[in-house]
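Student: Please find the sequence and the predicted model below.
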Amino acid sequence: MKNERGFTLIEMMIVVAIIAILASILIPNFTRARAQAQTAACESNLKEIATALELYYTDHQAYPNVQLQLINPQYTGLNGYLNQVPEDPAAGAGKYYMVTATTQQGATPAGYTVWCPGTHDPSTFQNISQSATDTHLKYDSNNGMETAASQGT
């Protein structure tokens, strides 16, 4: 029996413990990287919709007058301005952005706000001012990228 070769139970337990320690270190980093990627994608999608609204304004001298309009493939108000309607990666497949756009009324200038429906990890909001309860992103024509407590605020 002494000439048999193989791993002892102690050696196997040490290897499993090392793998568990490495996994406990790496998995949270991968989770955070994924959350940061979703936030970055949402910021990019919000800016893409904002650019489409600005192009629309350039052509028509007004933004489309909409209140909490869902920007999905059935919405035709920005046809020709968006090559593809972006989906929100933080909210999941089939979830689309919302927009409110107004025309100039008296001294109030025309403007728009685009909301991300997904919930984000607040620690991924680098370079964006926020309050402690904000978990959503929005892009406002007057203030740029901001955070919001929920859609429509």
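Tutor: In hand now; what should we look at?
Student: surely residue 47 meets residue 139?
Tutor: Yes. If you go by CB atoms under 8 Å, residue 47 and residue 139 touch, sitting 6.5 Å apart. For glycine as for every other residue, the C-beta is placed from the backbone atoms N, C-alpha and C.
Student: which outside residues touch stretch 142-153?
Tutor: 43, 46-47, 68, 98, 100, 109, 111, 115-117, 122, 125, 128-131, 133-140 (CB atoms under 8 Å, 6 or more residues apart in numbering).
Student: Now a PyMOL select for only the buried ones of the residues you listed.
Tutor: In PyMOL, this line selects whichever of the contacts of stretch 142-153 come out buried by 16 or more other CB atoms under 10 Å:
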select buried, resi 43+46+98+100+111+115+116+117+125+130+134+135+136+137+138+139+140
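Student: Tell me which of the contacts of stretch 142-153 fall in helices.
Tutor: Taking DSSP state H, the ones among the contacts of stretch 142-153 that sit in helices are 43, 46, 47.
Student: between these, which is nearest residue 86?
Tutor: Nearest to residue 86, judged by CB to CB, of the ones in helices among the contacts of stretch 142-153 is residue 46 at 8.7 Å.
Student: The closest residue to that closest one other than its chain neighbours and residue 128: what is the separation?
Tutor: Excluding the flanking residues, the one nearest residue 46 by CB to CB, 6 or more residues apart in numbering is residue 139, at 4.0 Å. Here residue 139 is placed at a distance of 10 Å from residue 128 (CB to CB, to the nearest Å).
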